[in-house]
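**Student:** Kindly return the folded structure for what I paste below:
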Amino acid sequence: MTKLGDWYWEDLDTTGSTNDAGIRLSQHPVAKKMVVSAKEQTAGRGRRGRSWLGLPGNLFMSLVVPGSYQDLNHMPFVVSLSLLKVIKGLAPDLDVKLKWPNDVLVAGGKISGILLEKPENEYIVLGIGVNIAAAPKNEQELLYPVAGLRDYGIEIDRCRFLELYLKEFDKTMLALRSAGFEAIRKEWLANAANLGQEIKVNLEHESFQGIFKGLDENGGLLVERDGRVEKIYAGDVFITKEKRS
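**Tutor:** Next up, the predicted model:
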């Protein structure tokens, strides 16, 4: 264990999933805030049962922080907004956008994967994978187009990126605790891809196209179709290539 500010950090040579390691850490916590990372991740998990491809040199980490089931609604926006801020800090002119519920896009390609899990204790585990050195090349088999930071001239070590991320996460969490979710919601929307434009939404039993109108007070997606605004709390959003920003 290494201390980074008030975080305790464990960097593993290899693990199946940093979230699994984070869940184990939450069962026997050594600090209030903990983070576990790995040089190699062999069985990374994504949202909705998908896998996350872990290429060498990329960042695989899981933050282990105090939180309740109610916090799960807001945490995807804290996590993704913090990630956007780190990337924008490294490359201010880079096209970085957010896509509901927790994707970060660089020039329209997905740069990260985020998986939140709630163990049966007082902690939340926030799994984050970032394509730093490379992105998967077989895009035909992937759900979304992907991107890697090195492809856009950003040269940074995974451990340095982790340090920068923890600082931004702490700042964003402080804003959430002091000003409430409304402040996070506004900042997230200011960086959202295709706000006010058409998107495709895939639900469990249907797909439809509508106009992305914003987020509700709990982080639900607001989509207008057939003249009425619907709230979506679970699904996938797709942006057409010609409108992707």
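**Student:** Go through stretch 72-88 and flag the buried ones.
**Tutor:** Using 16 or more other Cβ atoms under 10 Å as the test for burial, stretch 72-88 gives 74-87. Yep, even glycine has a C-beta here, placed from its N, CA and C like the rest.
**Student:** For the closest residue in space to Asp71 that isn't next to it in sequence, grab the count of nearby residues.
**Tutor:** Leaving out its chain neighbours, the residue that sits closest to Asp71 by Cβ to Cβ, 6 or more residues apart in numbering is Ile124, at 6.1 Å. Residues lying near Ile124 (other Cβ atoms under 10 Å) number 21.
**Student:** beta partners of Ile124?
**Tutor:** Note on Ile124: beta-bridge partners Val65, judged by DSSP bridges.
**Student:** who touches stretch 180-187?
**Tutor:** 74, 77-78, 81, 172, 175-176, 215, 217-219 (Cβ atoms under 8 Å, 6 or more residues apart in numbering).
**Student:** Please narrow those residues to those residing in helices.
**Tutor:** Among the contacts of stretch 180-187, the residues falling in helices (DSSP state H) are 77-78, 81, 172, 175-176.
**Student:** Looking at those residues, which is nearest Phe208?
**Tutor:** Proximity of the ones in helices among the contacts of stretch 180-187 to Phe208 (Cβ to Cβ) peaks at Phe77, which lies at 23.3 Å.
**Student:** how close does the closest one get to Cys159?
**Tutor:** 25 Å (Cβ to Cβ, to the nearest Å).
**Student:** The buried residues of stretch 72-88 into TSV, with extra columns for pLDDT and distance to Pro101?
**Tutor:** Listed next are the buried residues of stretch 72-88 as TSV, based on pLDDT from 0 to 100; distance: Cβ to Cβ, whole Å:
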residue	pLDDT	distance to Pro101
His74	94	11
Met75	95	10
Pro76	95	5
Phe77	97	8
Val78	97	12
Val79	97	10
Ser80	97	8
Leu81	97	12
Ser82	98	15
Leu83	98	13
Leu84	98	14
Lys85	98	18
Val86	98	19
Ile87	98	18
